[in-house]
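>>> got a predicted structure here, sequence first:
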Amino acid sequence: MTAYTATVTVRLKRGVLDPEAETTKQALERLGFELEGLRSADRFEIDLEADSADGARERADEMAERLLANPTIHDYDVEVDER
Amino acid sequence: MTVSIVRFGGSNCDRDAERALEHLGIDAEIVWHEDGLPAETSGVVLPGGFSYGDYLRAGAMAARSPIMAAVREAAADGVPVLGICNGAQVGCESGLTEGAFTTNESARFQCEPVHLRVERADTPWTAAYEEGEVIEVPIAHGEGRYEIDDDRLAELEADDRILFRYCDADGSVGGDANPNGSKGAVAGLLGERETVAVLMPHPERATLPDVGPTDGQGILRGFESAAGEL
């Protein structure tokens, strides 16, 4: 078994309104920053042991499918690194 | 006939629902989620509140608690299930109903009376109303914006699964009458069976005459109507 960290990033699908990101963008603009756009995302870093990087990825995928992301509004991606 | 009101950690409209149902003469009891669903339950309320502190997404944790498997089974058997506010979020997260309730367009918590147009009157939850009738019921939520992809919404509309839409006092949908930016102005919808419904507004807060308008009574009377059909 090898120790891995699977990083799951969950973000709203393109086209789904993100009022918190819009509010954050406006706050940055009030501070004087110039920016074209801003998107927010949730990142989960999951420490786990698996036989292979693919095995770790598979489990992290399932975690995203079953809880971390809501497929109605979210896309997600998974990155796996040895720890 | 006893309706089970499922209390999660962070539910806070469970007692309101109990009082409102009892005012209507409908026997109800609060059930702690870890104790499971009573076998003889004749209906289920998923009440409002902030289950699990709205961690991750509103309703996400409660939707995956063991009692929800029993609620889904009961729903499939025809037991009436009503999700209110956080209970509506739990309902969508658990797959009882389609779509998702997410952050209001305003990015703010909104607590205010709203008007709802009854989209169909041939369900237990709306048998007390006329189709197209406008009722006034309060909302209190930060994550009530209904979201679903356009194709699925069109299918839900074709299947006549939209139960309530936000509207103005005259029943017109759109513009400022939509308080939270919900897609299709959807405020409440049906699950696969007409005995399963979720809505963001609070009918239990519009039931007791001492508190204000009582337009929500008909929705809660759905438990009686559904029992009559079983």
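Alright, I've got the coordinates. Numbering: from 1, shown residues only, chains lettered A, B, ... in the order given.
>>> the residue of chain B found nearest chain A: what's it in contact with?
Closest contact between chain B and chain A, by C-beta to the nearest C-beta, is at residue B:107 (3.8 Å). All C-beta atoms are positioned from the backbone trio N, CA, C, and that covers glycine. Going by C-beta atoms under 8 Å, 6 or more residues apart in numbering or on different chains, residue B:107 touches A:19-20, A:22-23.
>>> top of those by neighbour count?
Greatest neighbour count in those, by other C-beta atoms under 10 Å in any protein chain shown, goes to residue A:19: 18 neighbours.
>>> not counting its neighbours along the chain, what's nearest it?
residue B:107 (3.8 Å; C-beta to C-beta, 6 or more residues apart in numbering or on different chains).
>>> which SS class is residue A:62?
helix (DSSP: H, G, I helix; E, B strand; the rest coil).
>>> mind checking the SS state of the residue of chain A most remote from its centre?
Largest separation from the mean C-alpha position in chain A: residue A:32, at 28.0 Å (C-alpha atoms, centre = their mean). Secondary structure assignment for residue A:32 (three-state DSSP): coil.
>>> pLDDT score for it?
Residue A:32 carries a pLDDT score of 98 in this model.
>>> now it: phi and psi?
Torsion angles at residue A:32 (phi, psi; degrees, to the nearest 10) stand at phi 100, psi 0.
>>> so what's it up against?
So residue A:32 contacts nothing (C-beta under 8 Å, 6+ apart).
>>> would you mind listing the residues in contact with the one residue in chain A that gets nearest to chain B?
Evaluated by C-beta to the nearest C-beta, chain A has residue A:19 as its residue closest to chain B, separated by 3.8 Å. Counting by C-beta under 8 Å, 6+ apart, residue A:19 touches B:103-107, B:145, B:181.
>>> low-confidence bits of the chain, can you list those?
I went with chain A, as the question did not name one. Of all residues in chain A, none has pLDDT under 70.
>>> you answered for a different chain; I wanted chain B.
B:229-230.
>>> for it, what spans make up the helices?
B:14-23, B:60-63, B:66-76, B:86-93, B:150-158, B:217-220, B:222-229 (DSSP state H).
>>> quick one, which of those gets closest to residue A:45.
Ranking these by their distance to residue A:45 (criterion: C-beta to C-beta) puts helix B:60-63 first, at 18.6 Å.
>>> now do that closest one: which elements does it pack against?
helix B:86-93 (3 or more C-beta pairs under 8 Å, 6 or more residues apart in numbering or on different chains; DSSP states H and E).
>>> the helix it packs on - contacts with which helices or strands?
strand B:43-46, helix B:60-63, strand B:81-84, strand B:100-102, strand B:196-199.
>>> how big is the angle separating that helix from helix B:66-76?
80 degrees (axes from the mean of the first three to the mean of the last three C-alpha atoms, to 10 degrees).
>>> can I get helix B:86-93 in PDB? Just the C-alpha atoms.
In PDB, the C-alpha atoms belonging to helix B:86-93 read as follows (Å, rounded to 0.1, in the frame of the first residue of the first chain):
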ATOM      1  CA  ASN B  86     -34.100  22.600   4.500                       C
ATOM      2  CA  GLY B  87     -36.300  19.500   4.100                       C
ATOM      3  CA  ALA B  88     -36.700  20.500   0.400                       C
ATOM      4  CA  GLN B  89     -32.900  20.700   0.100                       C
ATOM      5  CA  VAL B  90     -32.600  17.300   1.800                       C
ATOM      6  CA  GLY B  91     -35.200  16.000  -0.600                       C
ATOM      7  CA  CYS B  92     -33.300  17.100  -3.700                       C
ATOM      8  CA  GLU B  93     -30.000  16.000  -2.300                       C
END
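>>> contact partners of it?
A:70, A:72, B:6, B:8, B:10-11, B:13, B:45-51, B:54, B:57-60, B:62-64, B:68, B:81, B:83, B:97-101, B:143, B:188, B:191, B:196, B:198-200.
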